[in-house]
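> Sequence and predicted structure below; questions after.
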Amino acid sequence: MRRVFTWLLVGLAAIVVLAIAAIVLLPRLVDTSRVQALIASSASQALGRSVKFQSLSLSVVPYPVVRLHALEIAEDPAFGAGPFLKLDTADLRLKLWPLLRGHVEFATLVLKEPTIALIRAPDGRWNFTSLGTARETAGVPRAPRAGSGTPAAPATLVSRVVIDKGLVTYEARGPRGGRARHRLENVGLTLSTSPGALSFAGAVRVMPGDLAVKISDGAMGLSGARAVADASLRARIVLDGKDVRPLIASALGPEPAIAGGLTGRLDVGGTVGRPRATGEVELQGPTVTRTNPECPEPRRRTLPLSSVKANVTWDDGRLLVQPLTTGIGSGGITAKLVATPTPPMPAEMSDLEIKGIPLERVLVDFLCQGYAVSGPLDLTGRFTLTGSDPLHTLAGAGQLRVGAGKVVGASALALLGGVVRVGGALSSVLSLDVPTSMFSSSLDFESIVGTYQVRNGVVTTRDLLYTSRAMKVKVTGDYALATGQVNADVVVDDGRRQLQARVTGPAASPAIRVAPATILRPLESEQVERGLKDLLKKFR
């Protein structure tokens, strides 16, 4: 036992002696000017970019380190003049045993709180795709020859790179000058090199939005790759965010505000320059909130949705969601979505199927539409739009059916009720004395069916048919989503006669012109038009 204890003391003494020797001999063993040239030239040649730092210092405690101050890696000139990477300090940890033998070998590079700028051009190219392209870098000295305690540059400068509390800025440039910007904060990554490969793992937070991203089982295949962008890529990504509202607001604006907790898992493949990811994402407890001055208090309304579930694929800068499922109340929504997240954020929605959505929750409680109806909505269609201006760019076509319900919007009550009563109760309309029984009867309907086309945000229908026990109403015309302008012909048929009217102007207060030849003489037609306008004012 005493012998073992003696050997332990000897071992500890040897370690202390070696540590003291390293402290005393480090400045002698490391030729700082040669090491500085070695680092700058080796890194520049490996990255194909100019690498520079203002100064270099040595430290032994707690381990031998060459510390680089004010380090910068140049940007690809095609993306701007600012640095690709910059930081105040970077530590190059030295291997102890080679150092004691008079050789300088690096083990780990620690980048402390670096700022890295990632930029994606409109054509899909990234600013890091030129990294690793071998070329002579002007102004950078060649690596020194072996001797004087400093070896020639090794094939790999370090075997391990650690990014500690990094900040990554992400900028996606659109074809028309638009830009989407995000930040990745508190980036912690560990990259380990091996012959022909690089493995990595870590975690980041996407801001705004505080979306936690964990990366595991990451690997880059470098064999045969002419540049970093050509390297094969593999990784597993897990997403976890409490509320996506800030993240979506940064891309689409503050309203409508989309909120909810995000979870997901993605498998990444492809290459570094053209990554591909597939997996499943779920938005839990989603809500859509908007402020509408047309609503009575509260003017800020929220529409709750069912959980949004999606199978997603990211490929070459495009997002494919198939299928996307959600719902409102007891109704369901399914669709296929293809979108590009760079401005103007074009998107295409196909195979859209809405089944049994309660319209009153959407049109009355949330949108406060003057032309709202209640009843279950079934709708199919296909749309294209841009996220930056959906109301003016929406285009598509489809068909709809609303089951048994009521006309409940004030503007619709005024317009439909007034036009309907012209034929059967002209005297009541002109005196603004409408019988309650007739009023309620005419607003109940059995169905509303029709097809539609949308172009540049203007909805057109040629066959919209409202059917109730008392009458049928056919509508042919246009409605502009952004401005609320309406231009439509309305034909009312109560089984005994028809009434034709033209409705134009803003939907909230349209102008109504009755076709005199249908049921009325010219003098009566003028009276009806005045009566309808007065009736509309009554229901505003």
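Ah, there it is. Just so it is clear, the model here is predicted, and its values are computed rather than measured.
> any weak-confidence spans in this structure?
The chain contains residues with pLDDT under 70 at 1-36, 60-62, 96-105, 132-157, 176-180, 413-442, 516-540.
> mind listing the helices for the stretch 101-250 of the chain?
245-252 (DSSP state H, counting those that start in this stretch).
> Hmm, I typed the wrong one, I wanted the chain.
For the chain, the helices defined by DSSP state H cover 2-29, 32-47, 96-100, 245-252, 359, 390-393, 410-424, 426-430, 436-443, 516-519, 522-539.
> buried stuff in stretch 73-90?
Across stretch 73-90, burial judged by 16 or more other C-beta atoms under 10 Å covers 73-76, 79, 83-85, 87, 89-90. (C-beta placed from N, C-alpha, C; glycine too.)
> ok, the residues you listed vs residue 333, which is closest?
Nearest to residue 333 out of these is residue 79 (C-beta to C-beta; 40.0 Å).
> What count of nearby residues applies to the closest residue to the closest one other than its chain neighbours?
Leaving aside its sequence neighbours, residue 79 sits nearest to residue 127 (C-beta to C-beta, 6 or more residues apart in numbering; 4.2 Å). Look at residue 127: counted by other C-beta atoms under 10 Å, it has 18 neighbours.
> what residues are up against residue 127?
For residue 127, the contact set (C-beta atoms under 8 Å, 6 or more residues apart in numbering) comprises 75-76, 78-79, 84, 117-121.
> give the contact list for the residue lying closest to residue 73 once chain neighbours are set aside.
Nearest residue to residue 73, sequence neighbours excluded (C-beta to C-beta, 6+ apart): residue 85, at 4.2 Å. Residues counted as contacts of residue 85 (C-beta under 8 Å, 6+ apart) are 71-73, 111, 114-117.
> I'd like to know how many residues surround residue 338.
Here the number of neighbours of residue 338 (other C-beta under 10 Å) works out to 16.
> nearest residue to it other than its sequence neighbours?
Here the residue nearest residue 338, using C-beta to C-beta, 6+ apart, is residue 348, at 4.7 Å.
> Where do the strands of the stretch 301-450 of the chain begin and end?
For the stretch 301-450 of the chain, the strands defined by DSSP state E, counting those that start in this stretch cover 308-315, 318-328, 331-339, 346-358, 376-386, 395-402, 405-406, 444-445, 447-455.
> Distance to residue 248 for the ones you listed - can I get that in JSON lines?
Shown next, in JSON lines, are the strands of the stretch 301-450 of the chain (distance: least, C-beta to C-beta, whole Å):
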{"stretch": "strand 308-315", "distance to residue 248": "12"}
{"stretch": "strand 318-328", "distance to residue 248": "13"}
{"stretch": "strand 331-339", "distance to residue 248": "12"}
{"stretch": "strand 346-358", "distance to residue 248": "13"}
{"stretch": "strand 376-386", "distance to residue 248": "15"}
{"stretch": "strand 395-402", "distance to residue 248": "22"}
{"stretch": "strand 405-406", "distance to residue 248": "32"}
{"stretch": "strand 444-445", "distance to residue 248": "37"}
{"stretch": "strand 447-455", "distance to residue 248": "24"}
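> closest to residue 218 out of these?
Comparing the strands of the stretch 301-450 of the chain by their distance to residue 218 (C-beta to C-beta), the top pick is strand 308-315, with 16.0 Å.
> Format the CA atom coordinates belonging to that closest one as PDB.
Listed next in PDB are the C-alpha coordinates belonging to strand 308-315 (Å, rounded to 0.1, in the frame of the first residue of the first chain):
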ATOM      1  CA  VAL A 308     -52.200  22.100 -37.600                       C
ATOM      2  CA  LYS A 309     -50.400  19.000 -38.600                       C
ATOM      3  CA  ALA A 310     -48.200  18.800 -41.600                       C
ATOM      4  CA  ASN A 311     -45.800  16.500 -43.400                       C
ATOM      5  CA  VAL A 312     -43.100  18.900 -44.700                       C
ATOM      6  CA  THR A 313     -40.300  18.700 -47.200                       C
ATOM      7  CA  TRP A 314     -37.700  21.500 -47.600                       C
ATOM      8  CA  ASP A 315     -35.900  21.200 -51.000                       C
END
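> so how far is that strand from its chain's centroid?
12 Å (C-alpha atoms, centre = their mean, to the nearest Å).
> cool, stretch 317-330 as well?
Once both centres are worked out by C-alpha atoms, centre = their mean, stretch 317-330 turns out to sit 14 Å from its chain's centre.
> and if you look at stretch 302-309?
Relative to its chain's centre, stretch 302-309 lies at 17 Å (C-alpha atoms, centre = their mean).
> Now do the end-to-end distance for it.
20 Å (C-alpha to C-alpha, to the nearest Å).
> List the contacts of it.
260, 280-289, 324-328, 332, 361-362, 365-366.
> Show me which residues of that stretch are buried.
Neighbour-count burial for stretch 302-309 flags 303, 305-306, 308 (criterion: 16+ other C-beta under 10 Å).
> Over to stretch 43-59?
Applying a neighbour-count criterion of 16+ other C-beta under 10 Å, one finds 43-53, 56, 58 buried in stretch 43-59.
> sorry, back to before: now, among the buried residues of stretch 73-90, which is nearest to residue 297?
Closest to residue 297 out of the buried residues of stretch 73-90 is residue 79 (49.9 Å), distances taken as C-beta to C-beta.
> That closest one contacts residue 119, correct?
Yes: assessed by C-beta atoms under 8 Å, residue 79 is found in contact with residue 119 at 4.9 Å.
> Quick check, the residue nearest to residue 338 in contact with residue 384.
Yes: Residue 348 is within contact range of residue 384, at 4.9 Å (criterion: C-beta under 8 Å).
> Which stretches in the stretch 151-300 of the chain count as strands?
160-173, 179-194, 197-207, 211-221, 232-241, 257-270, 275-291, 300-304.
> follow-up on the earlier one: can you put the buried residues of stretch 302-309 in TSV and add distance to residue 502?
Listed next are the buried residues of stretch 302-309 as TSV, based on distance: C-beta to C-beta, whole Å:
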residue	distance to residue 502
303	34
305	38
306	41
308	42
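> and which of those is nearest residue 508?
Residue 508 lies nearest to residue 303 out of the buried residues of stretch 302-309, by C-beta to C-beta, at 21.8 Å.
> and the gap between residue 230 and residue 515?
70 Å (C-beta to C-beta, to the nearest Å).
> who touches residue 247 in this structure?
Taking C-beta under 8 Å, 6+ apart, we find residue 247 in contact with 182, 206, 208-209, 211, 241.
> Among those, name the buried ones.
So, by 16+ other C-beta under 10 Å, the buried ones in the contacts of residue 247 are 182, 206, 208-209, 211, 241.
> among those residues, which two are most distant?
Of all pairs in the buried ones among the contacts of residue 247, the most separated under C-beta to C-beta is 182 and 241 at 12.8 Å.
> what sits in contact with each of those two?
With C-beta under 8 Å, 6+ apart, residue 182 and residue 241 have common neighbours 206, 247.
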